[in-house]
Every structure is written in C-alpha cells, then in structure tokens.
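> Below: sequence and its predicted model.
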Amino acid sequence: MDEIYRSELMEIYKDPIFRGQIDNPSVSLEKHNQFCGDHLQLFLQIENKVIKDAKFSGEMCFVSLVGADLLLAEIVGKTTTQAKKIDQTKLLEIINLNLSTSRIACATLILKALHEALDKYARQSHG
Amino acid sequence: MLNVQNIKNDFPIFKHYPELVYLDNAATSHKPQVVIDALVDFYARQNANVHRGVYELSELASQAYDLARQKVADFLVARSNKEIIFTKGTTEALNLIAQAYAQSNLSRGDEVLVADFEHHSNFLPWQAVCQKTGAVLKLLQSNELGLITDEELQSKLTTKTKIVALAHASNVLGTINDLKKIAKTVHQSGAVLVVDGAQAIPHLSVNVQDLDCDFYAFSGHKMLAPMGIGALYVKEEILSEMQPYQLGGGMIESVALQETIWANYPEKFEAGTPNVAGALALATAIDYLKQISLESIRKHEIKLSQYLLATLKSIGKVKLLGEAPAEMRTGLVSFMVEGIHAHDLSDYLAKNNLALRAGFHCAMPLHQSRQCGATLRASYYLYNTQEDLEILLANLAKAVSYYG
C-alpha cells in the first residue's frame, strides 16, 4: 500500500491552484478547526453577485487543503446564491474520499468559511 | 527481561488483529484474557448488589468488592483501604476532589496551581471551581524536559495557594515529575497536593505514603483493566473532613425527612450501585501486572524509549515535543514532522495497521504554550516490541516521502 489518496488529489496538495491572497477582497474570513489547530483564511472577490475570484491561505492538512481547493474551483464564476447552495453532501461528493467522521470536519472547514463569508458579505452590502 | 510473545498471547485483541501495531497505550491499554474473564465471572457467578442483601450471593459480591478495594490500597501502599474511593476513572476522581473538597475549602483570592501540561481533566474542574469560588487559577510552566522545577514551584507558591494539582506524568511529554520533592515544597507552604496519576500508574510503582501526596487519582483502563473503573486515594485526615457531592443509595447511615446521617467514608463518596465487576477486574489487572513485575515492564519501556528517541532523529524534519531522556519518560514520545500535518501522517500510518494518536491529546494549553499544532504520539506498553517501533519508523519514512 503506497497510495492512500488518488493521484489527482496529491497533485492538488502539492500545487493548489487557489492558494494565495486577494488584495482588497470583497470579503475575507478566518476559520479555525478546534480539533487540530488548523486555520484558514478565505478571500472572495464578488462583482454583481458573481464570485469572480476566490483564494485561501493557512496551515492545513491534506484533507482540508484539497477540500478548499476543490470547493473554490467549484464556486468561481458562480453567483453567490448558487455558491450558498453547496452543502456538506455536495462537497464530500466532489472530494470523493472515504473520510472518517473526524476528518469530515477537516474537509468541510472551507465550507463553513464560505457560508460565513457569504453571510458577512450580505450584511456588508446591506449595511 | 519480558517474554513479550508470551505476554501478547494473553491479549485476545492480537488474535483478532494479528497485524495490529498498537502504539496508543496512553489513550487506553488492551485487556488480558484474565481481566475479561473477571468481568464475565462476576456476572456469571457472583452477581448481586453489594452491601444490601443478607443472602449468600450479596455477601459474596460484597466480600469480593471489599477485597478489590484492599488490593487497590495495597497497590498504592495506602495506610488503609478506607482511603480508596472507587470512581469511573481519573476524570470523575478529579471532579470529585474539585467539588467535594475544593469548593468548600477555597475562598475569594485563594490560588490554585496547575501545570501547563495538564490534561483537560486536571484543568477544567479547577477552572470551574475557581470561577465559582472567586479563587485564581495559575499556571506552572514546565521546562524544556517537561518538568516542573523546584524554582518554578517556589516562585508561584504564595500564602494564598491552597491547592496544587499536578500530573504525575504528562500524557503528551511523558515526563515523570519528582512528586516527592514537589509534595514537600507544597506542604511547606501549607497547600495540598492533588496528583493526576492516569499516565503514571500503568508504568511506575506508586507509593502514596512515600510520595506524601494528599490525593492520587487514576483510571483502570490504561493499566489493563476495563473502562469505567478507577480510584481515588485521599489521605484519611483530609477524607474524614470531606462532605459527599453525589447523594443517593449506599452512602447513608440513616435518612429521615429533616436529617440524614452519611455512611462512613469511603462509602459516602460512592452513591449508587458501584461498578463491582469493574473493581474486581481492576484487582485482577493489578495481580496480573504484579505477576509480570512492574519493574521488568519499566525496564522494557525504557529500552523502547531509548530506541525510538535515537532512531526518530534519523528521519529528517522530525521534531520532538519534550526533550526528556528515556529514563524520565513513562513510555511515550510525541513528535511532529515539519511541513506534514499530524493527521495526514496518522492517516497514512493507520492505513498500515499502526494505531497512534494525533492531535492535541486533550492538552491544548500545552500546545499553546509551546506554540505548536497537532502532534503525533507513540505510546507503548508491556506487549510492544522493538519490531513495532521499526514498523513505525519505516512507515514514517515512507509517509514523509509520500507527502514531501
């Protein structure tokens, strides 16, 4: 047994497309995983209700990093309403790994960040 | 020298999982067949409630329960079996002290000292009782090795310090503290010493009279006994002044509408039907450990620690958490690999039949004070071999190149 993850996920882990930062983002949000101390920061660039760009940064494990990269790939180009519809089931489907309960929390850290960031953005735009 | 293969044969888990490399003994140990049999035998042959009936079965169960208490008292070298309270485990024992002793003995402005490496179970009860009473919770900083030095203790002890609560050995660093010396210093300043013995008792010969601690709490399940049984030693002069915190059956002398008279200790701290089967199985685990000899187990663990400490360094990027040498450790090493998350490593190892704990090990204050993220912990016991550690090292090296 040498491979525990599919090779395309390993490629994402070694060179994630959406890792980075956005200067002057429409909204940004930091999220912690209390279970292991991981933390990530999410940046969103939103124009006319469409997510034009998204980036993440932080100290993360394989599962949360891959989850973050795949989720951001999914939401860029979508409207905020469409992005909000992505739930845990959908994200786990995209990641498609056999995850233990404790590691589901890793995979979905980015999703919690996304939902909170979109709520924060909605409050900002209305305020 | 331990005959590890013979010992391993006593543990049925290894028959069911022959490939298992179990290195999570600091979380819980496996159980030998004799301990499992003790549980089954009680329910099959002796089952009755204790201290209730006058019929033969109840008498037998009561006698067996009393004998188990005596065995625990002897194991800890307590003066009397009256100083032993059976609990669910260390956590319940520490909460018992916080509620039945600390709450009525702490006043506003008093101080409670705990170490930075405490398990949450020896941290949260003190935090809560301090919040209730207005006492102040203060932290003792461990040194590089993971020890609380006499200087550190002296500098934090004041006339206001009423309680010092300390792990005999840290569950993350593995370091064994010099309790005898600590107890002396604590007593000189007029405070009492509470010891969380969960990590020490499976590995060391504990003599509460020699250590001169006031409270000693431990769990059975880390020392080959079942989960859900443990004990608390309390020095009799303190115990005799303590009031019960859980009320119910089995702990009263007489009950009337206006006035109730408690039973004598230790029964008055064991409200409700106790875990008799667990107590009997704990006594059996003690017999088993004594028969193998704690001294030989200790020598075996030190050898394993020496090997692991020396070889871990050969894997690049490995950083140890706690620098104590083998002789000062219970039987564990915590470490991290730079650039690779502990949970990713433990996932890789788990897929190769290695059972290790990754995370904060219920000691977040320690990880905060040492500014590190999740760590991996390899903890071993009498049935582990050097070969287990070789398998760990080989797979660690593979994992490092896989993620690296």
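Done, it's in. Treat the numbers as computed from the prediction; the structure is a model and nothing was measured.
> pLDDT score for A:Asn33?
Note for A:Asn33: predicted pLDDT of 82.
> What sits closest to the residue positioned nearest the centre of chain B if chain neighbours are left out?
Central residue of chain B (Cα atoms, centre = their mean): B:Ala198, 0.6 Å from the mean position. Leaving aside its sequence neighbours, B:Ala198 sits nearest to B:Thr90 (Cβ to Cβ, 6 or more residues apart in numbering or on different chains; 4.1 Å). Where C-beta positions appear, they are placed from N, C-alpha and C, glycine not excepted.
> and if you look at B:Asn49?
Here the residue nearest B:Asn49, using Cβ to Cβ, 6+ apart, is B:Thr273, at 5.8 Å.
> What is the neighbour count of the one you found?
13 (other Cβ atoms under 10 Å in any protein chain shown).
> in chain A, what secondary structure element scores lowest on mean pLDDT?
One helix or strand of chain A scores below all others by mean pLDDT, DSSP states H and E: helix A:101-107, with a mean of 85.
> For that one, what is the distance to the chain centroid?
13 Å (Cα atoms, centre = their mean, to the nearest Å).
> sorry, back to before: can you confirm the residue nearest to B:Asn49 is in a strand?
No - under DSSP: H, G, I helix; E, B strand; the rest coil, B:Thr273 falls outside any strand and is assigned coil.
> Need the per-residue pLDDT for it.
94.
> ok, and what's touching the following helix or strand past the least confident helix or strand of chain A?
Once the chain leaves helix A:101-107, the next helix or strand it forms, by DSSP states H and E, is helix A:109-126. Outside helix A:109-126, the residues within contact range by Cβ atoms under 8 Å, 6 or more residues apart in numbering or on different chains are A:26-31, A:33, A:38, A:40, A:42, A:44, A:46, A:56, A:60, A:64, A:67-68, A:71-72, A:75, A:80, A:83-84, A:86-88, A:91.
> Now do the strands in chain A.
A:27-32, A:39-47, A:50-59 (DSSP state E).
> so which of those comes closest to chain B?
strand A:50-59 (6.5 Å; Cβ to the nearest Cβ).
> Is chain B within reach of the closest one?
Yes - using Cβ under 8 Å from any Cβ of the partner chain, strand A:50-59 reaches chain B at A:Glu59.
> what's the angle between that strand and strand A:39-47?
If you take axes from the mean of the first three to the mean of the last three Cα atoms, to 10 degrees, strand A:50-59 sits at 160 degrees to strand A:39-47.
> What is strand A:50-59 packed up against?
Counting by 3 or more Cβ pairs under 8 Å, 6 or more residues apart in numbering or on different chains; DSSP states H and E, the packing neighbours recorded for strand A:50-59 are strand A:39-47, helix A:62-75, helix A:80-84.
> Look at the residue in the stretch 151-300 of chain B that chain A sits nearest to and tell me its secondary structure.
Among the residues of the stretch 151-300 of chain B, B:Val172 lies nearest to chain A; the distance is 13.6 Å by Cβ to the nearest Cβ. Recorded secondary structure, B:Val172: coil (three-state DSSP).
> Wait, it touches B:Met336, no?
No - using Cβ atoms under 8 Å, B:Val172 is not in contact with B:Met336; the gap is 11.6 Å.
> Return every residue with contacts to both of these two.
With Cβ under 8 Å, 6+ apart, B:Val172 and B:Met336 have common neighbours B:Leu321, B:Thr375.
> one step back: can you count the residues close to the residue of the stretch 151-300 of chain B closest to chain A?
Neighbour tally, B:Val172, other Cβ under 10 Å: 26.
> likewise the one 10 residues further on?
Other residues near B:Ile182 number 24, with proximity taken as other Cβ under 10 Å.
> residue contacts, residue 105?
Unless you meant another one, I'm taking chain A. A:Asn33, A:Phe35.
> not what I meant, chain B
Contacts of B:Asn105 (Cβ under 8 Å, 6+ apart): B:Lys162, B:Ile163.
> Also B:His51?
B:Ser62, B:Tyr65, B:Gly250, B:Glu267.
> ok, now with 10 Å
B:58-59, B:61-62, B:65-66, B:249-251, B:263, B:267, B:270, B:273-274 (Cβ atoms under 10 Å, 6 or more residues apart in numbering or on different chains).
> ok so it is a helix residue?
No - counting by three-state DSSP, one finds B:His51 to be coil, located in no helix.
> now it: how far from B:Leu67?
14 Å (Cβ to Cβ, to the nearest Å).
> Show the pLDDT at the closest residue to chain A within the stretch 1-150 of chain B.
Relative to chain A, the nearest point of the stretch 1-150 of chain B is B:Glu19 (11.8 Å; Cβ to the nearest Cβ). With respect to pLDDT, B:Glu19 scores 96.
> list the contacts for the nearest residue to it once chain neighbours are set aside?
In space, and not counting its chain neighbours, B:Glu19 is closest to B:Asn353: 4.5 Å by Cβ to Cβ, 6+ apart. Residues in contact with B:Asn353 (Cβ under 10 Å, 6+ apart) are A:Met1, B:Tyr17, B:Pro18, B:Glu19, B:Leu20, B:Val21, B:Tyr22, B:Ile391, B:Asn395.
> Having no further points to raise, I will conclude here.
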